[in-house]
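Enquirer: have a look; sequence and predicted model below, questions after that.
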Amino acid sequence: MGTSEDDEIEVAMKYRKIDPRIWNDANFCRLSKDAKFAFLFLLTHQHMSMVGAMRGTVSGLAAELDVSVDAFGELFELGLAQNDVASHFIGLPNFIKYNQPESPNVVRAWGAAFDLLPECELKAQWFQRLKAFAERLGKGFHEAFLEAFAEALPEALREVSRRPSPNQEQEQEHITERKRTSVKTTDAAGSVVDWFAAEFWPAYPRKTAKAAALKAMQRRKPDEETRQRMIAAVKRQSQSPQWTKDGGQFIPHAATWINQSRWDDEPIAVPAASWASTSVAAAESVEERIRRQDADASFVYTYRCQACGAVHGRSKHDDPKICTAAVGA
């Protein structure tokens with residue numbers, strides 16, 4: 001029968017905690033539906049270790065989930081997940097924060113889990129994150145960390161484990177810089193959303209699949225110069241024959257237009273002589289015909305007789321009310 005220590009370790013390996021406040025998190029709320037799904041998939045993946053990292057490929061995970069790799073790209077862009085492509089290291093930076101070890105025994109089990117992760121710079125950063133977290137939990141957790149990692153780590157990382165953690169001032173500077181970067185990222189994402197709602201969507205003539213269009217725009221993150229070009233292109237293309245014919249049914253969906261960078265399309269030149277000459281010729285033909293009819297008093301018009309029903313010819317000066325045959329009758 002297992003001990004309570006074994007039970008604690010088993011729980012840490014098998015189960016994940018999800019804070020309900022995640023649905024209020026600004027970055028999480030900005031994710032597309034697929035990206036939210038991808039985050040929860042990583043958090044609960046069977047290969048996600050108790051230290052919040054695993055070995056895997058983005059393409060493989062996307063195939064498992066049947067979503068685009070862009071869904072995971074959103075997580076990396078907002079810092080909700082991290083990835084070292086070369087070594088296939090994938091981790092969730094805030095995993096330990098919401099899945100804290102219940103006792104020093106769980107920390108001792110970290111070493112074995114950490115040892116299975118692929119070697120890379122991101123793994124070294126992960127080690128520092130775990131070390132700092134264990135220190136904050138108290139002496140017992142810190143000693144358990146040093147005990148667990150003394151054998152699990154190669155000499156290079158073991159040397160790092162002996163170094164003191166950065167002092168409070170350095171930690172505060174690091175936190176401040178992270179907050180500043182987070183604010184910039186948030187402001188940029190918010191700016192794209194606001195501009196999309198205020199300018200792009202009202203200007204785009206086809207009001208279909210708005211959510212997909214916003215998702216595509218958030219991936220693009222156009223700067224101010226690109227935004228101006230996009231709006232100018234929409235206004236120009238809205239007047240083009242391709243977009244105006246057949247009730248606008250050939251206007252592409254906004255998401256397609258954005259993904260394909262259609263604002264860079266060159267306008268299709270319509271030869272001016274072809275339609276202009278045809279129109280002028282047609283106008284001249286009509287004018288000439290009217291002039292000829294007015295000048296020729298003997299020009300014969302036709303009409304259907306109201307009395308006999310037959311079609312008769314007449315001069316433009318004749319009264320076509322009734323034919324001579326009908327009058328004679």
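Expert: Thanks, I have the structure now. Numbers count the residues shown, from 1 in each chain.
Enquirer: okay, and the beta partners of residue 82?
Expert: Residue 82 has these beta-bridge partners by DSSP bridges: residue 91.
Enquirer: what's near enough to touch it?
Expert: 76, 89, 90, 91, 92, 93, 122 (C-beta atoms under 8 Å, 6 or more residues apart in numbering). Placement of C-beta: from N, CA and C, glycine included.
Enquirer: selecting buried members of those in PyMOL, what would you type?
Expert: The buried subset of those, as determined by 16 or more other C-beta atoms under 10 Å, is captured in PyMOL by this line:
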select buried, resi 89+90+91+92+122
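Enquirer: looking at the contacts of residue 82, which one is closest to residue 236?
Expert: Closest approach between the contacts of residue 82 and residue 236, by C-beta to C-beta: residue 76, at 35.3 Å.
Enquirer: which parts of the stretch 101-250 of the chain are helices?
Expert: Taking DSSP state H, counting those that start in this stretch as the test, the helices found in the stretch 101-250 of the chain are 104-115, 121-137, 139-152, 155-162, 168-195, 201-203, 210-220, 224-237, 241-244.
Enquirer: distance to residue 15 and mean pLDDT added to those, as TSV?
Expert: Putting those into TSV (distance: least, C-beta to C-beta, whole Å; pLDDT from 0 to 100) gives the following:
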stretch	distance to residue 15	mean pLDDT
helix 104-115	12	88
helix 121-137	19	91
helix 139-152	20	82
helix 155-162	28	47
helix 168-195	28	56
helix 201-203	43	93
helix 210-220	32	87
helix 224-237	45	92
helix 241-244	54	88
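Enquirer: mind checking which of those helices is nearest residue 28?
Expert: With C-beta to C-beta as the criterion, residue 28 lies closest to helix 168-195 of these, at 11.8 Å.
Enquirer: before we move on, back to that, most tightly packed of the helices of the stretch 101-250 of the chain?
Expert: Stretch with highest mean neighbour count among these: helix 104-115 (a mean of 20; mean count of other C-beta atoms under 10 Å).
Enquirer: contacts for stretch 33-49 next, please.
Expert: 13, 16, 18, 28, 31, 54-56, 61-62, 64-65, 67-68, 70-72, 74-75, 80-81, 90, 92, 95, 113-114, 116-117.
Enquirer: which ones among these are found in strands?
Expert: Within these, residues falling in strands by DSSP state E are 54, 55, 90.
Enquirer: so how far is residue 221 from the first one?
Expert: Read that as residue 54. Remark: distance between residue 54 and residue 221 (C-beta to C-beta, to the nearest Å) = 28 Å.
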